[in-house]
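Q: Sequence and predicted structure below; questions after.
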Amino acid sequence: MKALKATTPKTIRVVIVDDHEVVRIGLRAVLNLTSGIKVVGQTASMREAISLCERLRPDLALLDIRLPDGSGIDAAREILSYSPSTKVLFLTSFADDHTVTEAILSGAHGYLLKDIASDGLVRAIRTIADGHTLIDPRLADLSQPQSRDSRFSMSRPKRPLLSPQEQRLLPLIADGLTNREIASVLQLSEKTVKNYLAKLCTKLNIGRRSQLAAFYAASFKGSGGLLASSYPQDSVIPADRSK
């Protein structure tokens with residue numbers, strides 16, 4: 001009998017995008033000293049970030065929101081368009097509702113504030129690279145797609161009103177089930193599941209399954225998401241396996 005060879009964990013290749021040189025240097029130093037993570041590129045520019053990710057196809061892009069030549073959110077959309085296998089994690093000081101919501105709707109897989117400890121950031125990178133979504137729970141109430149003009153409502157709902165069936169659908173999407181698997185669990189036809197998905201995407205103004213998973217993690221999971229510095233492994237939300 002042949003002895004089983006030990007498998008070496010894949011190195012997570014990271015591109016850092018931040019407009020502050022000192023921040024980039026610090027992040028690069030921390031990540032390159034971490035086993036299993038390697039920084040393969042860094043830049044302060046939105047355009048160069050898109051170009052780097054298109055050329056290098058990193059496992060993860062670590063993005064700030066504000067860049068000298070544009071927005072990290074616009075960069076995320078372009079990066080995911082050119083390199084859909086790349087995970088996008090925002091690391092920023094911006095915590096307003098508009099920015100958080102737009103970042104999630106861009107298709108990003110995580111959103112953290114810059115006051116996170118270095119070991120928490122490392123865990124977050126590994127969690128997202130492993131196919132999960134993550135959002136700082138302090139931002140949970142800001143991450144829900146909804147009307148941003150409070151003049152029309154004195155008490156806005158915490159999330160869009162979803163039907164019971166739509167609420168049953170969301171955790172299955174977050175668990176990474178395909179349409180066929182969801183149909184089997186809910187005892188529906190695959191066509192009916194597709195119709196529910198279309199309605200969900202329209203209602204939430206969302207276009208990707210990973211965005212639905214992020215929305216579920218932020219809006220329906222207890223405290224509203226995963227805290228990168230301390231979170232149970234059985235609470236992470238797998239990303240989608242099927243478009």
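A: Right, received. Where do you want to start?

Q: All the strands of the chain, in order from the start?
A: For the chain, the strands defined by DSSP state E cover 12-17, 37-43, 60-63, 66-67, 70-71, 87-92, 110-113, 132-135, 237-238.

Q: Of all those, which one is nearest Pro164?
A: strand 237-238 (20.5 Å; CB to CB). Placement of C-beta: from N, CA and C, glycine included.

Q: Report the rounded mean pLDDT for that closest one.
A: Strand 237-238 shows a mean pLDDT of 32.

Q: From what I see, Ile50 and Ala75 are in contact.
A: Yes. Between Ile50 and Ala75 a contact is recorded at 5.7 Å, counting by CB atoms under 8 Å.

Q: Which of the two has more residues huddled nearby?
A: Between Ile50 and Ala75, Ala75 has the larger neighbour count (other CB atoms under 10 Å), namely 27 against 23.

Q: Domain map for this protein?
A: 12-142, 157-238 (automatic domain parsing).

Q: Show me how far the first one is from its chain's centre.
A: What that stands for is domain 12-142. How far domain 12-142 lies from its chain's middle: 9 Å, per CA atoms, centre = their mean, to the nearest Å.

Q: try stretch 193-208
A: On CA atoms, centre = their mean, the centre of stretch 193-208 falls 18 Å from that of its chain.

Q: List the residues that contact the most centrally placed residue in the chain.
A: With distances taken as CA atoms, centre = their mean, His109 lies nearest the centre of the chain, 1.1 Å away. By CB atoms under 8 Å, 6 or more residues apart in numbering, His109 lies in contact with Lys87, Val88, Leu89, Ile128, His132, Thr133, Leu134, Ser210, Ala214, Ala239.

Q: can you tell me which of those residues lies nearest to Leu27?
A: Leu89 (11.4 Å).

Q: Hmm, Ile128 and the closest one touching each other?
A: Yes. Contact criterion CB under 8 Å: Leu89 and Ile128 qualify, at 5.4 Å.

Q: burial count for Leu60?
A: 24.

Q: Show me the beta-bridge partners of it.
A: In this entry, Leu60 is beta-bridged to Val14, Lys87, by DSSP bridges.

Q: Next one: the residue nearest to the centre of the chain relative to Leu80, how far apart?
A: Using CB to CB, to the nearest Å, His109 is found at 9 Å from Leu80.

Q: do Glu54 as well
A: 11 Å.

Q: got it, and Arg209?
A: 12 Å.

Q: And Arg47, by the same measure?
A: 16 Å.

Q: again, but for Asn195
A: Here the criterion is CB to CB. By it, Asn195 lies 25 Å from Leu80.

Q: And the domains of the chain, which one averages the lowest pLDDT?
A: domain 157-238 (a mean of 67).

Q: top helix in the chain by residue count?
A: helix 190-204 (DSSP state H).

Q: For that helix, name the packing helices and strands.
A: helix 164-174, helix 179-186, helix 209-219 (3 or more CB pairs under 8 Å, 6 or more residues apart in numbering; DSSP states H and E).

Q: any idea how far the closest residue to Thr92 other than its chain neighbours is from Thr99?
A: The spatially closest residue to Thr92, leaving aside those adjacent along the chain, is Ile65, at 4.4 Å (CB to CB, 6 or more residues apart in numbering). According to CB to CB, Ile65 and Thr99 sit 6 Å apart.
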